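A.B. asks: Starting from these lines, generate the structure:
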Amino acid sequence: MNDARSRAAALLGRMTMHEKVAQLTSLIPTMLFDAKGIRPDVAAAKLANGIGYVEPHMGGFPANAAELARLNNAVQRHLVENTRLGVPAIMHIEALNGVNAPTFTAFPTAIALAATWDTAAVGEMAALTRRQMRSVGLHHALSPLLDVARDARWGRVHETYGEDPYLVSALGVPFVRNLQGESFVDGVIATGKHFLGYAMSEAGLNTATVQMGARELREVYARPFAAAIQLAGLGSIMTSLADWDGVPAAADPRVFRELLREQLGFDGTVVSDWGSIEGLVNHQRAARDAREAGELALRAGIDVELPGPFGYGDSLIEAVRDGGIPETMVDESVLRVLTHKFQLGLFENPYVEADPVEIMSVAQEGRDLSLRLARESVTLLKNADGVLPLSGAPRIALVGPHADRVGAAFAPYTFPSFIELTRAMLRGKTSSMVGVEDLDTFGPDDAYVHQEIGDLLAMDEDEFARTRYGAVSLADALRAALPDAQITVAAGCGITDGAEEINAAVEAARDADIVVMALGGLARWFFGERTEGEAADSVDVRLPDVQRRLVHEIAALDKATVGLIFSGRPLALGDVEPSLDAIVLGYYGAQFGARAVADILTGAAEPQGRLPYTIPRAGGQVPIHAGQRFGSGYRHREGDPHGGYVDESAAPLYPFGHGLTYTRFVHSDLNLSSTSLATDGTVDITVTVKNTGDRPGVELVQLYVEDDAPGISRPALQLAGFHRLELQPGDQATVKFALELPLLAYLSHDDRWVVDPGPMWISIGSSSGDLSMRSRLDVVGDTADVTDRRVYLTHATRTARPATGT
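C.D. replies: Numbering: from 1, shown residues only. As a prediction, this is how the structure comes out:
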């Protein structure tokens, strides 16, 4: 037994039942404060028995990083000095794209990070997030999302790393590893969420039932979690809000005790998603009352209830006292929580050095990295006749709802989005964020709110983004990038309405040389013009009607047109694609999003992004993804009469992994170290890549495998590796993939992870739809059982080769 666990066990032995249960709950501490500071009477009542976790930032306050550190210290001091055992709390916060708190650098939303395919840069962001969190006394991040998202209707796609389990694993592992650091003493506990299958809820509706078999659940949706556990020591898991096979996640021991702990070997804490235990009563109606909900959750293996006690309050104590649930079950969860507290060093150092100057300096770090990630994410989908990059002094009409907006670039789980959420709720709007339907949820004192963030609430979202983050609009960024160009701005419409303004945009376009249309969606937590976000799901995954009308009316002018799409979910672009000469996907790039897009449009930076999802032609194709099985979706043999629709092609408009550059790359010399290999062997795969264009660029070399399995239909194509390769004009390099065949293991009929003998096809290309090279690999020998030696990622390296001219 390690030292942290033995110390935790000793402390557990001294606890009363009330103190134990308090460790399994959380608190939003804004209710503890007023304009004068901590309220001793409220703190004494709420924290009488201690507390397990605290969410110190909610609704936009406190107003800056230094004040956040002071608040955290005040809560910890009360716990240490005014409770019987003096147990500090674990302070947790969202950190999906940077620390979700005031004055910290904001990074692009997760789907934009996925579009970079840059595992090192994502790891760098996570390492900075760790440093920033610990500087203000935060220890536990409710991130990353390891959900595999394959349904464009679901509103939270933008929070994920996309559709492919390999890509999600490849980005999730460095995020977790670098966030947690080498030791929790100076690290942060990462939380993989949402376990399990949450992103594939029925009809794309958030929190709806998940309909899939156990094989798909484990092979696809559990894989990124397994990778993070095995390769990065993931410390925490959050439940899904949905149910699988009729059993809500928060009440499912098959998922948490059997799959997660027994099969995947997870030994950290499981926390409920906000409100998921309460949801057993009022959402899924799987429990009759708080006591039954708490019993179901604890038996399922849920250690901690967030954001506050419902099932894990007095009713849980009653259940133990009455024999409804064994005290040992409470003890095992408390032991995990206390072990984390000792591992974090909280008993030795519960406070942080609250030097305001140092804290504010650390909070502002990472701006260059944020810009770099935003640039790397921008994805060029189409560039007919080389309309991009823009140059010279053209007359540009910049139209569309994103032409001159600033705040729209900040998606949920960035601090500006929380300010906008609070502003909306104070105006009486309803939030769709689960667990925070109204301000009473976290009980702030009005005077405290206005003291802390009154000036922020008085600004509109664009003013806030400009003044606090230095963000600019696309119009600002283009004017700065093309000072000699004549740029006319006319939005033409809003996100979902405002058709009466279309004529003004058409008139602006009439005299232009080129029309840049800034189109797309809006991710928000409250009801209004939003098109995506938490509980903002859609039956129509096209651009909103008013924007499609704008595109078609401007296309009638027969001008050169560039469509910029700002969206987190894959939009069905089949009806507007013919009207656009170039299409650029900008996602939600946060404080440097507009500048990054302008740099790509003007050629100041090279397009590097690749699609982390598949873009459909029409909404009826959804869900569509590169990993569809043989005989399904668009994965059919040539001539198969069942391989399409009567009114549309079954193929995607743009395939997973697609992304153009301003240069040209040629792949050659595909070579396998062996064409015959044992079922548990490793094959080295090499390919030469050359930049034959006249500009520098980044090629994303992608490795895919086709594998038949006896008696089981497998994915028609599996991503098995990738490597980002930056090359100057005329340069070439060799990329080597060390493919371990256990990476391709699947679940056999008798529930083992196996690799079978038989032919495999190894393909290399620039996307899942552009595989220029293919070679056969014969796998020989007996079926290999690799259950205890699974492989999740492929190591890839670059070897330079001399240029041979262009």
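A.B. asks: Contact partners for residue 652?
C.D. replies: Going by CB atoms under 8 Å, 6 or more residues apart in numbering, residue 652 touches 614, 615, 616, 617, 621, 624, 634, 769. The way it works is simple: take the backbone N, C-alpha and C, and place the C-beta from them, glycine included.
A.B. asks: scratch that, residue 380
C.D. replies: Residue 380 neighbours (CB under 8 Å, 6+ apart): 388, 582, 583, 584, 585, 600, 607, 609, 659, 660, 661, 662.
A.B. asks: so the fourth one sits in a strand?
C.D. replies: Translated: residue 584. Yes - per DSSP: H, G, I helix; E, B strand; the rest coil, residue 584 lies within a strand segment.
A.B. asks: Next one: the nearest residue to it once chain neighbours are set aside from residue 390, what distance?
C.D. replies: Leaving aside its sequence neighbours, residue 584 sits nearest to residue 564 (CB to CB, 6 or more residues apart in numbering; 5.1 Å). Here residue 564 is placed at a distance of 12 Å from residue 390 (CB to CB, to the nearest Å).
A.B. asks: who touches both of those two?
C.D. replies: Between them, residue 564 and residue 390 share these contacting residues under CB under 8 Å, 6+ apart: residue 601.
A.B. asks: Please state the offset of stretch 700-707 from the chain centre?
C.D. replies: 23 Å (CA atoms, centre = their mean, to the nearest Å).
A.B. asks: cool, and stretch 89-105?
C.D. replies: 15 Å.
A.B. asks: Need the CA coordinates for that stretch. CSV is fine.
C.D. replies: Output in CSV follows, covering the C-alpha atoms of stretch 89-105 (Å, rounded to 0.1, in the frame of the first residue of the first chain):
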residue,chain,number,x,y,z
ALA,A,89,-10.9,20.4,-0.5
ILE,A,90,-10.0,19.5,-4.0
MET,A,91,-10.7,22.5,-6.2
HIS,A,92,-12.0,21.6,-9.6
ILE,A,93,-12.8,23.6,-12.7
GLU,A,94,-13.4,23.1,-16.5
ALA,A,95,-10.3,23.2,-18.6
LEU,A,96,-11.3,21.9,-22.0
ASN,A,97,-9.6,24.8,-23.9
GLY,A,98,-7.6,26.5,-21.2
VAL,A,99,-8.5,27.4,-17.6
ASN,A,100,-12.2,28.3,-17.6
ALA,A,101,-11.7,31.3,-15.3
PRO,A,102,-11.1,35.0,-15.6
THR,A,103,-8.0,36.5,-17.3
PHE,A,104,-6.6,33.2,-18.4
THR,A,105,-5.6,32.7,-22.0
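A.B. asks: Give me the average confidence score over that stretch.
C.D. replies: Stretch 89-105 carries an average pLDDT of 94.
A.B. asks: Can you give me the neighbour number for the closest residue to residue 86 other than its chain neighbours?
C.D. replies: Distances taken as CB to CB, 6+ apart place residue 80 nearest to residue 86, at 4.6 Å, with adjacent residues excluded. If you count neighbours by other CB atoms under 10 Å, residue 80 ends up with 18.
A.B. asks: Sticking with residue 80, tell me its helix or strand.
C.D. replies: According to DSSP states H and E, residue 80 maps onto helix 65-82.
A.B. asks: Show the secondary-structure elements that that helix is packed against.
C.D. replies: Using 3 or more CB pairs under 8 Å, 6 or more residues apart in numbering; DSSP states H and E as the contact test, the elements touching helix 65-82 are strand 37-38, helix 40-46, helix 119-135, helix 356-363.
A.B. asks: Burial check on residue 322, number of neighbours?
C.D. replies: Residue 322 has 9 nearby residues by other CB under 10 Å.
A.B. asks: er, residue 355 I mean
C.D. replies: 13.
A.B. asks: How about residue 711?
C.D. replies: For residue 711, using other CB under 10 Å, the count is 7.
A.B. asks: low-confidence ranges in this structure?
C.D. replies: 1, 57-61, 428-452, 527, 801-806 (pLDDT under 70).
A.B. asks: Show me how it divides into domains.
C.D. replies: 3-98+107-363, 367-410+471-621, 665-801 (automatic domain parsing).
A.B. asks: okay if I get those domains as TSV plus distance to residue 647?
C.D. replies: TSV is the format used below for the domains of the chain (distance: least, CB to CB, whole Å):
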stretch	distance to residue 647
domain 3-98+107-363	19
domain 367-410+471-621	8
domain 665-801	21
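A.B. asks: and residue 462, which of these is closest to it?
C.D. replies: domain 367-410+471-621 (4.2 Å; CB to CB).
A.B. asks: end to end, how far does that closest one reach?
C.D. replies: Domain 367-410+471-621 has an end-to-end distance of 39 Å (CA to CA, to the nearest Å).
A.B. asks: wait, isn't residue 37 in contact with residue 73?
C.D. replies: No - the criterion here is CB atoms under 8 Å, and residue 37 misses it with residue 73 at 11.4 Å.
A.B. asks: If you count surrounding residues, which of these two has more?
C.D. replies: residue 73 (17 against 12).
A.B. asks: The stretch 401-550 of the chain: helices as residue ranges?
C.D. replies: Secondary structure of the stretch 401-550 of the chain (DSSP state H, counting those that start in this stretch): helices at 415-426, 446-457, 461-469, 474-481, 502-510, 545-555.
A.B. asks: Point out the most buried one among the ones you listed.
C.D. replies: Highest mean neighbour count among the helices of the stretch 401-550 of the chain (mean count of other CB atoms under 10 Å): helix 415-426, with a mean of 23.
A.B. asks: Now residue 623, what are its backbone angles?
C.D. replies: Backbone torsions of residue 623, given as degrees, to the nearest 10, read phi -80, psi 140.
A.B. asks: List the residues that contact it.
C.D. replies: Counting by CB under 8 Å, 6+ apart, residue 623 makes contact with 150, 151, 152, 200.
A.B. asks: Now the terminal residues of stretch 241-259, how far apart.
C.D. replies: In stretch 241-259, first residue to last residue: 17 Å (CA to CA).
A.B. asks: before we move on, back to that, need the buried ones from the contacts of residue 380 selected in ChimeraX.
C.D. replies: In ChimeraX syntax, the buried subset of those is picked out as below (16 or more other CB atoms under 10 Å):
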select :388,582,583,584,585,600,607,609,659,660,661,662
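A.B. asks: one step back: so for residue 639, which of the helices of the stretch 401-550 of the chain sits nearest?
C.D. replies: Residue 639 lies closest, by CB to CB, to one member of these: helix 545-555, at 34.5 Å.
A.B. asks: Tell me which other helices or strands that closest one touches.
C.D. replies: Using 3+ CB pairs under 8 Å, 6+ apart, helix 545-555 sits against helix 502-510, strand 514-520, strand 560-566.
A.B. asks: quick one: that helix to strand 514-520, angle?
C.D. replies: Interaxial angle, helix 545-555 versus strand 514-520 (axes from the mean of the first three to the mean of the last three CA atoms, to 10 degrees): 170 degrees.
A.B. asks: Using the three-state scheme, assign residue 738.
C.D. replies: Classified using three-state DSSP, residue 738 is strand.
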